[in-house]
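Chemist: the following comprises the amino acid sequence and a computationally predicted model.
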Amino acid sequence: MITKNKLLIAASAVAMAASVPAWAETSANANAEVKADAPSLSQDAKREWKNVKEGASEAADKTSKAVEEAYEDIKATVIGEEETSTSSSVTIDSRNTASGMIGQPVLDSSGKKIASVQDIILDADGNAQMVVLADGGFMGIGTKLAAFDYNLVSQRQKDGDVIMPITQDTLNKVAPFSYEPKDAEKDAKVRIVPANGISVARLLEGQVLNQKKENVAEIDNISFSNGEASQIIIGFDKTLGLGGEKAAMSFEGSRIVREKNDLDVQLTASQTANFENFKKTATN
C-alpha cells in the first residue's frame, strides 16, 4: 500500500537522485564501490578507474548530505483535553516519526541494504510491536513482506536509514507477513496484524473526525518516543496536499475508529472544541 507520505517521500527521493549520478544509489553502496580494488588494467584505464572512484565518493557525500538536510523539524500546536486560553507548541524531529521511518532502507550490521520499512504495527496502547519489511521492490513494494519484533531496530542513521541485526538470508527464510487474516488460516506460519493491532501505514491514510464523525482534518504523521507512539500530528488547510497548519495531540487515550480496513481518529468533545478554536486562530 502506498500512503500519501510515501508519495511525498518518493517525490523527494527522485528529485535528490536527479542531482547526482545514477550509479550512486546510496551512500553505503557508493562508499562500498569506492573501496573496491581496480582490476588489472592499463595505466590509462587505472587513471579512469581512479576518477570513477573519486566521483562516486563525492556523489555519495552529496547524496548523504541532501538526504540528511531533507529532514526538517515539525512544528505543531498542541491540542489537549482541557480547555485552555493559550496553546502550547511542540517541535518534533521528523526522523522520529512514522513518515520518517516508513520507506527508509534497512541495513544489516555491515551496512548493506537488505530491505525497506513497509509498516509499523502498534498494540492498542500505542506500543510498537512489529516492524514490517519489504524485501526488494521500490518504496515498500517488494516481492515479500516479513515482520520482526520492533525492538530489533537497533539504530537509526542521521540520514534515516534503519539498522537491524538481521541478514539477507534471515529475511529470505523467515515466515512471510500478510495483512489478510485468511492467509494465516491457510498457513499457520504466516504472521498477520494481531487482534486490535494498529497498522501505522493505514493510520496515516486516515482522517480526523469530530464528535459527529465528520472529517475535520487529516492524520499527517505519528511521532515516536522510546518505541511508543507518542503524538498524532494532524494537518489541515493544505494546498494540493502540501503545507497547511499542523496540530498535535497525545496518542495515549486516542479513540481509533475502525471501518473495514480504514483507520481514523475521533476527537473527544474537548479536543474538538480546542481544535476548532485553533483553526479559527490559525486561519485568521
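Modeler: That came through fine. It should be emphasised that the depicted structure is a prediction, and the values quoted were computed from it without experimental measurement.

Chemist: next, work out how far apart Val131 and Leu152 are.
Modeler: Distance, Val131 to Leu152, by C-beta to C-beta, to the nearest Å: 7 Å. Yep, even glycine has a C-beta here, placed from its N, CA and C like the rest.

Chemist: is it true that Ile92 touches Glu72?
Modeler: No: using C-beta atoms under 8 Å, Ile92 makes no contact with Glu72, being 10.1 Å away.

Chemist: so which of those two has more stuff around it?
Modeler: Higher neighbour count among Ile92 and Glu72: Ile92, with 21 against 9, using other C-beta atoms under 10 Å.

Chemist: so what's the more buried one up against?
Modeler: Contact analysis of Ile92 by C-beta atoms under 8 Å, 6 or more residues apart in numbering lists 73-76, 223, 231, 233, 248.

Chemist: which residues pair with it across the strands?
Modeler: Beta-bridge partners for Ile92, by DSSP bridges, are Ile74.

Chemist: tell me the mean pLDDT over whichever strand or helix holds Ile233?
Modeler: Element membership of Ile233, judged by DSSP states H and E, is strand 228-236. In this model, strand 228-236 has an average pLDDT of 94.

Chemist: picking up where we left off before, more neighbours: Val131 and Leu152, which one.
Modeler: More crowded of Val131 and Leu152, by other C-beta under 10 Å: Val131, with 25 against 13.

Chemist: low-confidence stretches in the stretch 51-200 of the chain?
Modeler: Flagging of the stretch 51-200 of the chain using pLDDT under 70 yields the residue ranges 51-71, 83-87, 136-142, 155, 157-160.

Chemist: what are the ranges of the helices in it?
Modeler: Using DSSP state H, counting those that start in this stretch, the helices of the stretch 51-200 of the chain run over 168-173, 181-186, 200-203.

Chemist: turn those helices into CSV, including mean neighbour count and distance to Leu263.
Modeler: Converted to CSV, the helices of the stretch 51-200 of the chain look like this (neighbours: other C-beta atoms under 10 Å; distance: least, C-beta to C-beta, whole Å):
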stretch, mean neighbour count, distance to Leu263
helix 168-173, 13, 27
helix 181-186, 12, 16
helix 200-203, 23, 5
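
Chemist: got a markdown table for these, with distance to Glu252 too?
Modeler: Output for these, formatted as a markdown table (distance: least, C-beta to C-beta, whole Å):
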| stretch | distance to Glu252 |
| --- | --- |
| helix 168-173 | 33 |
| helix 181-186 | 27 |
| helix 200-203 | 15 |
